[in-house]
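>>> Sequence first, then the predicted structure:
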Amino acid sequence: MDRYRDRTTGEIKTKSQLLAANAGKSFPKVWGEFVYDDLNVDPILNQPPPPPSDIPRFKRAERNGAVQDSNGQWLEAWHLVDMFADDDELGTKEEQEAAYQAETDAAWSDKMRRERSERLKETDWWAVSDRTMTSEQTAYRTALRDLPTHSNWPYLEDDDWPTKPS
């Protein structure tokens, strides 16, 4: 979405809002400095939100106006806000956070169980009746079955998964 900052008021408007406010004017398809000067606005350059790893638990990034960089360009600004607040219908902030965390944990558990099942299925042929598994193969399959007791469950890292024997 194209967004612009009014040079006088600092108000941020979309291209659609500027076109509607200037319905009697004709504009080129691609806007440049002449259009910006005529409308008394500066373009706001898109700036990605902070990466998820930089956003604390139970917070989210929201657009928060624009900030000017050292080159004089206006960049989209972001700030962090709480995901939850006390609400008569939804419950306390803490209750909502607990419910959200339980839902997230359940989704990750399902995902990890599916991954574990796939890895077990890949090795099912090791356990056919006319074959004897090596101790490494048995240990691998046991380790896969024991993953839900791992201290990082359900948020397993790559290193938390057992290594498949050759």
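Received it, and whenever you're ready, just let me know what you need.
>>> Residue 67 in helix, strand or coil?
On the three-state scheme (DSSP: H, G, I helix; E, B strand; the rest coil), residue 67 is labelled strand.
>>> So the residue sitting furthest away from the middle of the chain versus residue 123, what's the distance?
Most distant from the centre of the chain: residue 130, at 48.1 Å, with distances by CA atoms, centre = their mean. According to CB to CB, to the nearest Å, residue 130 stands 16 Å off from residue 123. To be clear about C-beta, it is placed using only N, CA and C from the backbone, and glycine gets the same treatment.
>>> Just give me the residue right at the centre of the chain.
The geometric centre of the chain, computed from its C-alpha atoms, lies nearest to residue 52 (CA atoms, centre = their mean), at 5.4 Å.
>>> before we move on, the earlier item: now do the SS call for the residue farthest from the centre of the chain.
Here residue 130 takes the coil state, with states given by three-state DSSP.
>>> Please apply the same query to residue 80.
Here residue 80 takes the strand state, with states given by three-state DSSP.
>>> Please tell me I have it right and it contacts residue 52.
No. Counting by CB atoms under 8 Å, residue 80 stays clear of residue 52, with 11.7 Å between them.
>>> Just the buried positions in the helix or strand harbouring residue 121, please.
Per DSSP states H and E: residue 121 is located in helix 93-122. Going by neighbour count (16 or more other CB atoms under 10 Å), the buried part of helix 93-122 is 96, 97, 112, 116, 119.
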